[in-house]
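Asker: coords below, sequence missing:
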């Protein structure tokens, strides 16, 4: 059973949340973080006793998807133990001074949270749950970058880094949804097993999506801007941002894609890509020297080695040595002269320039097309109303009204005239005539 | 007894509104309290209907209304209306609660609450109407109530012009809906929605497509998707915040409901097939355009308003995917959008009230001066990008799944890029407000507790829906099953 694994994850997660609450009490938080990480690292090797021993209790969460559980399969269990080890090392070893002004009080909490998420991402057997955890790891990495590098905090710079990670998530969700459509399940083992039986036409988009995710998570060019930034973080945060979190999960994803790579015969392409990136990273490393951020090219070169070894027997060795090598590289970076200064990368500039152009275009459409259209429409309605007022209302209807009034007046005047003048006179004569007729009639009858 | 709860559900806000208008003059607390109690009465009625043991059959209330025309006052609570009802009721409740603090400085508060209740009642009536003419009557009363709220309690100098623009735009959309309803009634000889659906089967597909197109345009005006959205930023930015919350988080969803009820459910998916591609393209354009306009704005209320244009693009894309999972995702997104948009607008209202400023370049460093509000608004901004651990994650992955399974999977792949644009404005907005440098002379006043607590309630809800998505998944799936698309 995997009760210990669940306990370790819960311990790490609980400590992370407790440390967030203790953020203001820096000393106490630091002590709690150290003790907790040492305990977790000390207990984690016990997982080896249970390796391959079934799954934890399954948790049903998202309706219409399978329940998710943590499993203790190799090599994930070894990577999980190494992640707990990295947590303890980063919490206890002061390789370089803290940078308290850069949100250091939260790093212990973030490290614990990241550790629990990484272990869940490595061991969970349901792909949608793994995707969620990977997104959370990406979000925590961005928070670490935002807290650790003041230059990244304002405006859209942080977005250009987040966009790189988000591209990887897009690739992964494409892979997951296509695999789900083909297999009808979200269980990783069944999905990947089914993938090998698909036609190449169906396999290619699945593999491309997966490789995009690997590229972004391992920080391979051109999606490497965030790795360059993470090299500027203090050691305690760097070990997670540039090593134990997304890069490790990216390497693990590459390892899981091996059957698909072999089925499509795509390993030579990756080898070529790996060689190109390795040469490029070496050249950049030689040019950058001991400048801040220089150590990032070590990270990128190390990831390129993973591409070279993809699909070979050595991939397992690469995966198992991934985290120790990254920790060593992070420590080596700590010896470089350091100023926390953010350097602008060309890829970030390009993305932002593109976005800026799009924003301008949208503003132009809004102002000069839609709002101008509204204005023209309003002007048209106004002109129409003016025309209606002057022509229809002013001339025709008012003219009719005036004519009607004039007609009514003239009729009234005529009637009045008739009533006051002729009618009264005529009535007088008529009345006199009637009276005369009546008088004559009475006189005739009287006779 | 069951069907009388329907009358309580719709009638309580109208009756409560009338009482508040007549009796609560000059007594703000009484008006606010009465408005909340009235909204709660509607909620109790909805709970009574949903928890009833006989709730497997849709509750229906039918009273003759215009016998000469065969028009009935017919209300029905079905699976399609339920998620929208929950959204409207929830949003109205928090808006009224928020109004306790926000409307303190306003005049004629009792009339404002009365109109808010009338607005709420007309939305509920629109959702429950089982007669096409009754639907239109409630649809129009929604416009009248909201226009009066804008005209009477709008903020700024352009209140008259903006109200007129809002009225004309949405009235033009309503006119198209009216023409379509008139055609349906004339063709089928009945205004009962069930009868219309049954008698339409013999009508040629081309005619149904034309009517569906007319209705789509009419409802898209209410949904405020590009390029029919220009009434939205103006109306949202002048309205008092509780009304803005109701306009953005509840009223926009009426457009989606209209599309689901008429073009999709009554006219059937066959009539819509020809419109699928243009509508999906329009939805994609709306998603990107709205996000870009957020980046072009400096007024924080306008930024959040434009984000509605973008988010309604997601909803329209989901509906246009014509797949069960996509449509269920769209309905789920309506509820998520309701939570997050109310959260963001309330956060913006708290910032505006506390600082007296509304331009983003005059604000910043709120993590130090208003840490709780800053954290909440950051959560709202991050959540709207669809990342875990917040509610919009569930709806977005369903929308993506719908897009990839649709007849146009290429557009599904393009849809996957839209969150990059959402993330651009969300991160920019949050970092500028929360982490940026504090501008000189920024003074922060304490906000009313009702405003703060209704805001925090929504923050908790954004997280809770992520953790417990089951009920909303269920509602959305049951609503989708009524459309007859198959699973």
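Answerer: Nice, I can see it. Model, not experiment: these values are computed from the prediction.
Asker: remind me which residues of the stretch 351-487 of chain B are low pLDDT?
Answerer: Scanning the stretch 351-487 of chain B for pLDDT under 70 picks out B:486-487.
Asker: how about the residues of it by chain A?
Answerer: Residues of the stretch 351-487 of chain B lying close to chain A (C-beta under 8 Å from any C-beta of the partner chain) are B:382, B:387-389, B:393-394, B:397, B:400-401, B:404-405, B:413, B:416-417, B:419-420, B:423-424, B:427-428, B:431-432, B:435-437, B:469-470, B:473-474, B:477. The C-beta positions use only the backbone N, C-alpha and C, and glycine is treated the same way.
Asker: select from those every entry located in helices.
Answerer: Among these, the ones falling in helices (DSSP state H) are B:382, B:393-394, B:397, B:400-401, B:404-405, B:413, B:419-420, B:423-424, B:427-428, B:470, B:473-474, B:477.
Asker: could you list the buried residues of the lengthiest helix in chain B?
Answerer: The helix that spans the most residues within chain B, counting by DSSP H, is helix B:324-355. Of all the residues in helix B:324-355, those buried under the rule 16 or more other C-beta atoms under 10 Å in any protein chain shown are B:324-355.
Asker: list the buried residues for the lowest-mean-pLDDT helix or strand in chain B?
Answerer: In chain B, no helix or strand scores lower on mean pLDDT, DSSP states H and E than helix B:269-272, which sits at a mean of 73. For helix B:269-272, the neighbour count (16+ other C-beta under 10 Å) marks B:271-272 as buried.
Asker: so who does whatever residue of the stretch 101-250 of chain B ends up closest to chain A touch?
Answerer: Residue nearest to chain A within the stretch 101-250 of chain B: residue B:230 (5.2 Å; C-beta to the nearest C-beta). Counting by C-beta atoms under 8 Å, 6 or more residues apart in numbering or on different chains, residue B:230 touches A:366, A:370-371, A:374, B:165, B:169.
Asker: lowest average confidence, helix or strand, in chain A?
Answerer: Here the helix or strand of chain A ranked lowest by mean pLDDT, DSSP H and E is helix A:346-364, holding a mean of 71.
Asker: just how off-centre is the next helix or strand after that helix within its chain?
Answerer: Later in the chain than helix A:346-364, the nearest helix or strand by DSSP states H and E is helix A:372-387. Centroid separation for helix A:372-387 versus its chain: 42 Å, with C-alpha atoms, centre = their mean, to the nearest Å.
Asker: near chain B at all, helix A:372-387?
Answerer: Yes. Contact of helix A:372-387 with chain B (C-beta under 8 Å from any C-beta) involves residue A:374.
Asker: tell me the helix or strand right after that helix.
Answerer: helix A:398-417.
Asker: next one: the least confident helix or strand of chain B to chain centre, how far?
Answerer: Here helix B:269-272 is found 24 Å from its chain centre; the criterion is C-alpha atoms, centre = their mean.
Asker: go on, stretch A:19-31?
Answerer: Offset of stretch A:19-31 from its chain centre (C-alpha atoms, centre = their mean): 30 Å.
Asker: contacts only, for whatever residue of the stretch 201-350 of chain A ends up closest to chain B.
Answerer: Here the residue of the stretch 201-350 of chain A nearest chain B is residue A:205; by C-beta to the nearest C-beta that distance is 8.7 Å. Contacts for residue A:205 (C-beta under 8 Å, 6+ apart) come out as A:174, A:178.
Asker: next one: it from residue A:383, what distance?
Answerer: As judged by C-beta to C-beta, to the nearest Å, residue A:205 and residue A:383 stand 55 Å apart.
Asker: kindly report the same for residue A:115.
Answerer: 69 Å.
Asker: ditto for residue B:355
Answerer: Noted for residue B:355: a distance of 43 Å to residue A:383, by C-beta to C-beta.
Asker: likewise for residue A:173?
Answerer: Applying C-beta to C-beta, the value for residue A:173 to residue A:383 is 53 Å.
Asker: ok, now residue A:124?
Answerer: Applying C-beta to C-beta to residue A:124 and residue A:383 gives a distance of 66 Å.
Asker: of these two, which one has the most company?
Answerer: Neighbour tally, residue A:124 and residue A:383, criterion other C-beta atoms under 10 Å in any protein chain shown: the higher count belongs to residue A:124, 23 against 10.
Asker: what strand or helix carries whichever residue of chain B sits closest to chain A?
Answerer: As assessed by C-beta to the nearest C-beta, chain A sits closest to residue B:292 within chain B, at 3.6 Å. Assigning secondary structure by DSSP H and E places residue B:292 in helix B:276-296.
Asker: quick one: list the elements packing against that helix.
Answerer: Helices and strands touching helix B:276-296, by 3 or more C-beta pairs under 8 Å, 6 or more residues apart in numbering or on different chains; DSSP states H and E, are helix A:346-364, helix B:300-320, helix B:409-415, helix B:418-430.
Asker: in it, which residues are buried?
Answerer: Within helix B:276-296, the residues that count as buried by 16+ other C-beta under 10 Å are B:276, B:279-280, B:282-284, B:286-296.
Asker: do stretch B:14-32 as well
Answerer: Residues of stretch B:14-32 classed as buried by neighbour count (16+ other C-beta under 10 Å): B:14, B:16-17, B:19-21, B:24, B:28, B:30-32.
Asker: how far away is residue A:115 from chain B?
Answerer: Counting by C-beta to the nearest C-beta, to the nearest Å, the separation of residue A:115 from chain B is 17 Å.
Asker: what's the average pLDDT for the helix or strand hosting that residue?
Answerer: Using DSSP H and E, residue A:115 sits within helix A:107-123. On average, the pLDDT along helix A:107-123 is 92.
Asker: how far out from the middle of the chain is that helix?
Answerer: 20 Å.
Asker: which other helices and strands does that helix contact?
Answerer: helix A:3-21, helix A:26-43, helix A:76-92, helix A:127-148, helix A:235-239, helix A:246-256.
Asker: quick one: which of the ones you listed is nearest chain B?
Answerer: Using C-beta to the nearest C-beta, those put helix A:127-148 closest to chain B, at 4.5 Å.
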